[in-house]
Structure formats: C-alpha cells, structure tokens
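J.: make a model of this:
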Amino acid sequence: MVRTLTLLAVALFASSAVAAPNGKPNIVVIFCDDLGYADIGPFGAEGYSTPNLDRMAAEGMKFTDFYVAQAVCSASRTALLTGCYPNRVGILGALGPQSKIGIADEETTLGEVAKQAGYATAIFGKWHLGHYPQFLPTRHGFDEYFGLPYSNDMWPQHPTAKFPDLPLIENEKTVELNPDQTKLTTWYTERAVKFIEKNREKPFLLYVPHSMPHVPLFVSDKFAGKTKRGLFGDVISEIDWSVGEILAALKRNGVDDRTFVVFTSDNGPWLSYGDHAGSAKPLAHGKGTAWDGGQRVPCLMRWPGKIPAGTVCKEPVMMIDILPTVAKLVGITLDSTRKIDGLDISPLMFGVAEAKSPHEALNFYWGEGLHAVRSGRWKLHFPHTYRKLVKPGSGGQPGPYAQGRTEMALFDLEADPGETRDVQAEHPDVIARLKKLAGTARQDLGDELEKRQGAGVRTVGKLRE
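T.: The predicted structure is shown next:
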C-alpha cells in the first residue's frame, strides 16, 4: 500500500511538471539578433551587467549547448517558427526588401500551434520571414504584430547597399518609415507588457524578437553611456531591462508561475563590427559560419515550480526543438504527414533524471551545404569554405573578411569547445559513425557538394502576382 501511494505521488508530481494550473501555460519567447555566446552575464559577459538575465538563470535553467539551425537571420527564425531545418522549408540566408519569397501558407508556425490551442498570440519586433502581406505574422498565426519586417540595417543609410525606406509595421499597415531606432527596444517592451496585461485571464503566446544588437546599434537615452563596454554594452543593458519589465509584468498580473519563458539569440556575433559586435568566447568564429561561435548561442529557460531553479543542461539541442516542445506543453498534436525536424526537449527542461538529447545528431547547414554534424560530444566538419575575419572594425564600421577553408576535422567539444584540435586520427570509429549520420541527412535534404536536393525539401512561399 505504501509503495502504491508513493508511485501515485510520483505520477502526480510528474504530471504537474508538464501543465500549468489551468492546463495551458503561457509562452514567452524573447529572441535577440546577433547576440553572441558570451554576451550576457550567465555566459560570461564583461564590461556590463545583466541582473535580470542573471536572475532568470538563477530561477531557471541555463542551456550551454543550444544551437541555431543556421547562423543567419531568416534561416534561423524559420527554424524557430516551424520546427524545421530551414533547408526543408526553403528559406536560406537573410530575406530583404528585394526578396519575393517568404514563409509558405502550408507551414505550421509557432503562432498557429498556439492558436489551435485557443491562445492569444502576438509578435513585437523583427519578423524577417517575408515582408509582403501574405507573409506577415498576421497571416501566420499571430493576432498582433508591431515591428520591422527585416533587419534594421536594410534602410537608406546603409553604407554600401541601396535599400528603400525601412517600414515600421503595425499588423499589416506601415505606420512609419525609417523610425527612430533608439526607441525600438522600448516600444517592443511596452507592447509586450500591455499584451500580458490584456490577456492575463487567458493563455497567450508572446514573441519578442528584438532588433538589437544587430548593427547599426541604437539605444535609448536612459541607457546611453551607462556601461564600460560602450554602445554595445549599453544596448545589452537595455535588452536586460526589457527582460526585467516582461518578468515583472508576469508577476504583477499573477501569471508568473504559469508562464514558460525562453531567452535566446538567432545566431552568434557579427564579429566584423569589432566594438559594435559581441563575443563568442571561448567558441570559434561567429555569425555566418557552421563553427560553434556562429551556431551555439546563449539560452535560458524559466518556469517557476516546473523548471528546476539554478540548473544547467549540457545536452546538445537546437532551435528546431522549441516548436514541438511548445506543442507538447499546450496539448497540440502536430500533423504527422508534414515532417518537422525538431523534437520535444521537455524532459531536459524539467530536469528528468538521466534525460538526454533526443537527437542522435544535429546538422549544421550553411546555405544548401551540410558543413558539419554533432553527435554527443563530437562534432565533425566536412571540407568547406567559410568567412574568416581578418581584422575587426570599430565605431560601427566593418572590418574585412577572407575566405577560410577547413578540410574534414573532428573535434571533442567537451574537451575543446574552441574547436582547435583535430582528433580524427584518434577516433576512426567516431568518424565512420558521423559520416553515416551525415549520409542520412544528405539523402533527406541534399547537399551542395552533391548538387542535388532530397525528397524532403518543400516549396517556399512565393509572391502571388
């Protein structure tokens, strides 16, 4: 009898770990642009403090091995919002004002998953999955939208490229051209707080993809000149303030203990910009590469009473895992006929004993090329070229890149997170296993080296004339 009651208690505790009191947790995703691995306090930031993010880590879980699906804007956001490698969905690189493609009608986004569960949904910030009306968030699962349709440098003052006026969009209407970017972080935050207040009596999904710290950097007067790190530090301090405002709104409105909050970035730092860029220490390289400095980003997850406080997860997981995990939390069964690549990582989040990454391997693409795979502690790079920083710029001006090249190389990321020592000669068995996993990925989604595409590639959304 005692054993029966004990088992019942364990079962009840396990069920409480995956459902808020009303059965549907609120979801908040805070997403930075070009924030590097070492750019917030819990990951070793220097020259400024991030007290709200420090508190979020102390009250939740820090993921040390969290990867984006591709180290560039639109591709990374595609992975977050669809649960797919961007190659499967057909959105690669960074879409701009001249792009005539975007998220396809057939894809199920994070917003649409939440809407199926009866959630109120909103995005305040940078979208970057197509700027024509058919591609905007309001057509893909979000009730409200306020922000920029693409990167904040795609504007007339860009130093080398010719861009049209930068639109600030509310829902589907342009409300201002070339807005004052010093106000963006504040505007996004104010909208987020009001959305929480308005929807405190029902479940909601709030997506806050900041435009910062993508260059050009802008900060409000209340944070200008406040850090030892200069403008970059000021910008991160304002983002930390924004996190604090959102967390405070959750508590003030009585929904803190039933809200799952994720904080992360779309890719690593744009190192070319020197003191206007962040840091990926101790990782190799940065944005635009398949090295860990480009694809491994800071990630914090918090849900009081559900995610164990002050914990660290070292298992390798990826941005594609957010959508299926949220689907599990909100009680939605995903369409099994439309393949996604992400997997549920809630056992890791909830600190289940002996929980491991659900992935046998994570695939690292750049464009159409499969540049590397990671399985457990091992990462295998295949021969490829990549952009290698020659000298960082300063004062917001970029420094030059050169074309770097790596041949096949194996790294033990637990012993060598900076990917400095090739150990393939010592581990032929690991090489053989990772090559086999890569072969499976190529059969599925193709590879530029083989000049073909797999059967799993879907049709990208195209502008309807």
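J.: tell me where the stretch 201-350 of the chain has strands.
T.: Here the stretch 201-350 of the chain has its strands, by DSSP state E, counting those that start in this stretch, at 204-209, 259-265, 296-302, 311-313, 317-318.
J.: with mean neighbour count, mean pLDDT and distance to residue 63 added, can I get those in TSV?
T.: Backbone N, C-alpha and C define where each C-beta goes, glycine included. As requested, the strands of the stretch 201-350 of the chain are exported to TSV (neighbours: other CB atoms under 10 Å; pLDDT from 0 to 100; distance: least, CB to CB, whole Å):
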stretch	mean neighbour count	mean pLDDT	distance to residue 63
strand 204-209	26	99	18
strand 259-265	25	98	8
strand 296-302	26	98	4
strand 311-313	16	98	5
strand 317-318	25	98	7
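J.: which one of those lies closest to residue 27?
T.: Nearest to residue 27 among the strands of the stretch 201-350 of the chain is strand 204-209 (4.4 Å), distances taken as CB to CB.
J.: that closest one: partners in the sheet, and parallel or antiparallel?
T.: When sheet partners are counted by DSSP bridges, strand 204-209 sits next to strand 26-32 (parallel), strand 120-124 (parallel).
J.: adding distance to residue 363, write the strands of the stretch 201-350 of the chain out as CSV.
T.: What follows is the strands of the stretch 201-350 of the chain, written out as CSV (distance: least, CB to CB, whole Å):
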stretch, distance to residue 363
strand 204-209, 24
strand 259-265, 19
strand 296-302, 14
strand 311-313, 20
strand 317-318, 9
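J.: where do the domain boundaries of this structure fall?
T.: As recorded under automatic domain parsing, the domains making up the chain are 23-349, 362-462.
J.: which pLDDT value goes with the residue lying closest to residue 37 once chain neighbours are set aside?
T.: Distance criterion CB to CB, 6 or more residues apart in numbering; nearest residue to residue 37, sequence neighbours excluded, is residue 280 at 4.6 Å. Note on residue 280: pLDDT of 98.
J.: want to throw the strands paired with strand 204-209 into TSV with distance to residue 232?
T.: Output for the strands paired with strand 204-209, formatted as TSV (distance: least, CB to CB, whole Å):
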stretch	distance to residue 232
strand 26-32	12
strand 120-124	23
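J.: quick one: closest of those strands to residue 212.
T.: Here strand 26-32 is closest among the strands paired with strand 204-209 (CB to CB), at 7.0 Å.
J.: hang on, the earlier thing: of all the strands paired with strand 204-209, which lies closest to residue 102?
T.: Of those, nearest to residue 102 by CB to CB is strand 120-124, at 14.5 Å.
J.: beyond the closest one, next helix or strand please.
T.: Downstream of strand 120-124, the first helix or strand assigned by DSSP states H and E is strand 144-147.
J.: helices or strands up against that following strand?
T.: Counting contacts by 3 or more CB pairs under 8 Å, 6 or more residues apart in numbering; DSSP states H and E, strand 144-147 is packed against strand 120-124, strand 167-170, helix 184-198.
J.: so which bits of it are buried?
T.: Buried residues in strand 144-147, counted by 16 or more other CB atoms under 10 Å: 144-147.
J.: and for stretch 141-157?
T.: By 16+ other CB under 10 Å, the buried positions in stretch 141-157 come out as 141-155.
J.: now stretch 356-370
T.: For stretch 356-370, a neighbour-count test (16+ other CB under 10 Å) marks 357-359, 361-366, 368-370 as buried.
J.: ok, the closest residue to residue 462 other than its chain neighbours - contacts?
T.: Nearest residue to residue 462 in three dimensions, chain neighbours excluded: residue 101, at 5.6 Å (CB to CB, 6+ apart). Contacts here follow CB atoms under 8 Å, 6 or more residues apart in numbering; on that basis residue 101 touches 90-91, 95, 130, 460-463.
J.: hmm, back to that, okay if I get the buried residues of strand 144-147 as JSON lines plus pLDDT and distance to residue 416?
T.: Listed next are the buried residues of strand 144-147 as JSON lines, based on pLDDT from 0 to 100; distance: CB to CB, whole Å:
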{"residue": "144", "pLDDT": "98", "distance to residue 416": "45"}
{"residue": "145", "pLDDT": "98", "distance to residue 416": "43"}
{"residue": "146", "pLDDT": "99", "distance to residue 416": "44"}
{"residue": "147", "pLDDT": "98", "distance to residue 416": "39"}
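J.: quick check, nearest of the residues you listed to residue 120?
T.: For the buried residues of strand 144-147, the minimum distance to residue 120 (CB to CB) is 8.4 Å, reached by residue 144.
J.: ok, for the closest one, nearest residue in space, not its chain neighbours?
T.: Excluding the flanking residues, the one nearest residue 144 by CB to CB, 6+ apart is residue 122, at 3.9 Å.
J.: I'd say the one you found and residue 147 touch.
T.: No - in this structure, residue 122 is not within contact of residue 147 by CB atoms under 8 Å, at 10.3 Å.
J.: can you show me the helices along the chain?
T.: Taking DSSP state H to define them, one finds helices in the chain at 2-16, 51-58, 73-82, 86-89, 110-116, 184-198, 231-252, 292-295, 322-330, 346-349, 428-445.
J.: which one of these is the most hemmed in?
T.: Across the helices of the chain, averaging neighbours per residue (mean count of other CB atoms under 10 Å) puts helix 292-295 on top, at a mean of 30.
J.: ok, now how distant is residue 160 from residue 397?
T.: Separation of residue 160 from residue 397 (CB to CB, to the nearest Å) stands at 11 Å.
J.: and the two? which has more neighbours close in?
T.: residue 397 (13 against 5; other CB atoms under 10 Å).
J.: now that one: how far from residue 288?
T.: Noted for residue 397: a distance of 18 Å to residue 288, by CB to CB.
J.: now do residue 346
T.: Separation of residue 346 from residue 288 (CB to CB) stands at 31 Å.
J.: what of residue 319?
T.: To residue 288, residue 319 is 16 Å away according to CB to CB.
J.: between the two, which one's more packed in?
T.: The neighbour count for residue 319 versus residue 288, taken as other CB under 10 Å, is higher for residue 319 (29 against 22).
J.: wait, that one touches residue 71, no?
T.: No - in this structure residue 319 lies outside contact range of residue 71 using CB under 8 Å: 10.8 Å.
J.: my guess is residue 206 contacts residue 197. True?
T.: No - Residue 206 lies out of contact with residue 197 (CB under 8 Å); the separation is 11.4 Å.
J.: ok so, going back, least confident of the domains of the chain, on average?
T.: Lowest mean pLDDT within the domains of the chain: domain 362-462, a mean of 94.
J.: residue contacts, residue 394?
T.: Residue 394 neighbours (CB under 8 Å, 6+ apart): 274-276.
J.: tell me the one of those residues nearest residue 245?
T.: The shortest approach to residue 245 among the contacts of residue 394 belongs to residue 276, at 24.6 Å (CB to CB).
J.: quick check: chain neighbours aside, which residue is closest to that closest one?
T.: That would be residue 396: by CB to CB, 6+ apart, it lies 4.9 Å from residue 276.
J.: thought residue 383 was touching residue 372?
T.: No - at 10.7 Å, residue 383 does not count as touching residue 372 under the criterion of CB under 8 Å.
J.: perfect, that will be all.
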